[in-house]
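> Here is my input, please return the structure:
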Amino acid sequence: MSLSGLDLNLLLVLHTVLRERNVARAAKRLNVTASAVSNALARLRAVLDDPLTIRSGRGIVPTPRAAELEPVLARALGELDRAVNTREFEPATCDRVFSLAVADVGQWVRLPRVVALLAREMPRARLRVLSVDTLHATGGLAATATDVLIGVGEPGPGIHLQPLYREQVVLVARKDHPSAKAKVSKKALAALRHVEVHVSPGKGSRPLAASYAELGITREIAVFVPTFTAAAAVVSNTDLVASLPGTLVETIAQPLGLRVVATPLRAVSATINLVWHERTEADPALRAFRALVLRA
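Here you go, the predicted model:
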């Protein structure tokens with residue numbers, strides 16, 4: 001296929017549809033009708049000999065061919081946008097709304113630093129903070145609801161990751177727990193009952209489960225909660241224990257009456273990253289915002 005024979009507007013339509021994961025929203029962004037978007041997709045399907053998108057619920061999912069094209073289109077169209085819309089970014093006058101997804105740990109420990117630095121360097125900008133659950137529910141970083149994630153993140157098409165810090169996982173109990181002393185044996189550890197946190201279903205707990213498995217221990221999970229702060233609150237009022245990020249424990253252990261329990265477990269930690277999508281890579285304001293988060 002010769003590129004000279006291809007209507008490049010069709011690629012812009014495909015890029016917008018993949019970005020929005022929805023034909024109606026793509027049409028609104030392009031200021032055309034939904035039928036015009038559908039017709040453009042049909043023409044491009046014929047040219048590329050691939051379905052490109054498949055209906056899924058109220059939206060669409062890309063085929064492997066479209067997923068391969070997605071980061072390439074985002075990068076190429078971003079370069080074109082910069083070429084035809086040369087603009088200087090002025091932090092002092094920026095009035096953008098930046099959207100940041102971060103788990104409750106980061107909201108407690110890291111978010112105040114980001115807000116303070118944003119107020120100093122971009123005083124007219126605003127920040128919208130989302131939970132990780134909301135990030136996933138709104139289509140992830142490839143959609144338009146979220147600009148940046150502070151979290152573990154996962155590699156994927158068009159995904160950028162910048163390491164921020166290592167987060168150590170520690171076991172905590174209430175200070176007057178009857179059996180979780182300052183240091184516990186393997187036998188005592190196996191007898192404890194746990195609060196389990198599911199920020200991203202099935203992902204975050206795997207290294208911890210592996211550490212217990214190495215000792216031949218199967219944890220008894222008594223309560224499942226969606227946030228680390230909820231787990232801390234439960235532990236502070238019960239005989240349950242929980243594995244929590246060390247930075248959060250440093251912040252809330254004293255007011256909640258918690259203490260760290262030393263165990264024979266292998267140490268477990270995770271890299272917390274700054275994560276964003278290729279669609280925002282070239283945006284001057286978002287480049288500045290990511291740099292601000294890194295400094296914070």
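> what about stretch 118-127, distance to the chain center?
In this view, stretch 118-127 has its centroid 22 Å away from the chain centroid, taken as Cα atoms, centre = their mean, to the nearest Å.
> Render the CA-only coordinates of it in PDB, please.
Provided in PDB are the C-alpha atoms of stretch 118-127 (Å, rounded to 0.1, in the frame of the first residue of the first chain):
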ATOM      1  CA  LEU A 118       1.900  23.000  42.000                       C
ATOM      2  CA  ALA A 119       0.600  25.900  43.900                       C
ATOM      3  CA  ARG A 120       4.100  27.600  43.800                       C
ATOM      4  CA  GLU A 121       5.000  26.900  40.200                       C
ATOM      5  CA  MET A 122       1.600  26.800  38.400                       C
ATOM      6  CA  PRO A 123      -0.700  28.900  40.700                       C
ATOM      7  CA  ARG A 124      -3.600  29.000  38.300                       C
ATOM      8  CA  ALA A 125      -3.600  25.300  37.400                       C
ATOM      9  CA  ARG A 126      -6.000  22.900  39.100                       C
ATOM     10  CA  LEU A 127      -5.500  19.300  40.100                       C
END
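> longest strand anywhere in the protein?
strand 159-174 (DSSP state E).
> Identify each buried residue in that strand, please.
Within strand 159-174, the residues that count as buried by 16 or more other Cβ atoms under 10 Å are 159-161, 164, 167, 169-174. Every C-beta, even on glycine, is put in place using the N, C-alpha and C of the backbone.
> Tell me the buried residues in the helix or strand following that strand?
Moving toward the C-terminus from strand 159-174, the next helix or strand (DSSP states H and E) is helix 186-191. Neighbour-count burial for helix 186-191 flags Leu189 (criterion: 16+ other Cβ under 10 Å).
> One more: stretch 237-256?
238, 240-249, 251-253, 256.
> Farthest pair within those?
Among the buried residues of stretch 237-256, the pair separated by the greatest distance (Cβ to Cβ) is Thr238 and Thr247, at 23.0 Å.
> if we can go back for a sec, what helices and strands are in contact with the longest strand of the chain?
Where contact means 3 or more Cβ pairs under 8 Å, 6 or more residues apart in numbering; DSSP states H and E, strand 159-174 is packed against helix 228-236, strand 241-245, helix 246-256, strand 258-261, strand 269-277, helix 284-295.
> And the ones you listed: which comes nearest Gly153?
The minimum distance between Gly153 and the helices and strands packed on strand 159-174 falls on strand 269-277, with 3.6 Å, by Cβ to Cβ.
> Only the C-alpha atoms, please, for the closest one, written as CSV.
What follows is strand 269-277, C-alpha atoms only, in CSV (Å, rounded to 0.1, in the frame of the first residue of the first chain):
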residue,chain,number,x,y,z
SER,A,269,8.9,-4.3,48.2
ALA,A,270,7.6,-2.7,45.0
THR,A,271,8.8,0.0,42.6
ILE,A,272,6.4,2.9,42.5
ASN,A,273,6.5,4.6,39.1
LEU,A,274,5.3,7.7,37.4
VAL,A,275,3.2,6.3,34.5
TRP,A,276,1.7,8.0,31.5
HIS,A,277,0.5,7.2,28.0
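> Sweet, I'm off.
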